[in-house]
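**Student:** The sequence and its predicted three-dimensional model are supplied below.
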Amino acid sequence: MSLRAANPETQQEFNELVDYFTRRYCRVGDDLSILDRELFPVFRTFWKATTFDTQHPALLGQFRVTLTERGFKSRGRKRIRWYGITLRKLTVLAEMEHR
C-alpha cells in the first residue's frame, strides 16, 4: 500500500519536504544530472534532521516517486541518474575554491 493511500495528509507533508529540499539544496536545469546514490543520501540526512529521525516505511521509493511527479526524469536500473537536477555546492566549499 502506498503512503498516499494510507494517509493523504502525510503524503502532502512529505511532498512539501521534498519541495523544500529541492529549493534549498538543489539546482534545477535542463543540462544538470546526478546519480541517485549521490542525491538520496543527502535527502535522507535532511529527512532525519528535519523530522527528528522519524522512520518512513519507504523513504527511497517515495522520494523517487515524488521527484518523478515533479517532472524529473531518471534512467538506469542499477545506477539511476536523475536529469534536470543536481545538488548545490555548499557555500563553505565554494568559498574555499575561490581562495
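**Tutor:** Yep, that arrived.
**Student:** residues near Ile34, how many?
**Tutor:** Residues lying near Ile34 (other CB atoms under 10 Å) number 20. Every C-beta, even on glycine, is put in place using the N, C-alpha and C of the backbone.
**Student:** How about Arg23?
**Tutor:** 9.
**Student:** show me what contacts Arg37?
**Tutor:** Shown in contact with Arg37 (CB atoms under 8 Å, 6 or more residues apart in numbering): 79-80.
**Student:** what about the strands in the protein?
**Tutor:** 26-35, 73-75, 81-87 (DSSP state E).
**Student:** Out of those strands, which one sits most buried?
**Tutor:** strand 81-87 (a mean of 18; mean count of other CB atoms under 10 Å).
**Student:** so what secondary structure elements neighbour it?
**Tutor:** Applying 3 or more CB pairs under 8 Å, 6 or more residues apart in numbering; DSSP states H and E, we find strand 81-87 packed against strand 26-35, helix 36-50, strand 73-75.
**Student:** As TSV, the strands of the chain with distance to Leu67 and mean pLDDT would be great.
**Tutor:** Output for the strands of the chain, formatted as TSV (distance: least, CB to CB, whole Å; pLDDT from 0 to 100):
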stretch	distance to Leu67	mean pLDDT
strand 26-35	10	97
strand 73-75	7	97
strand 81-87	6	98
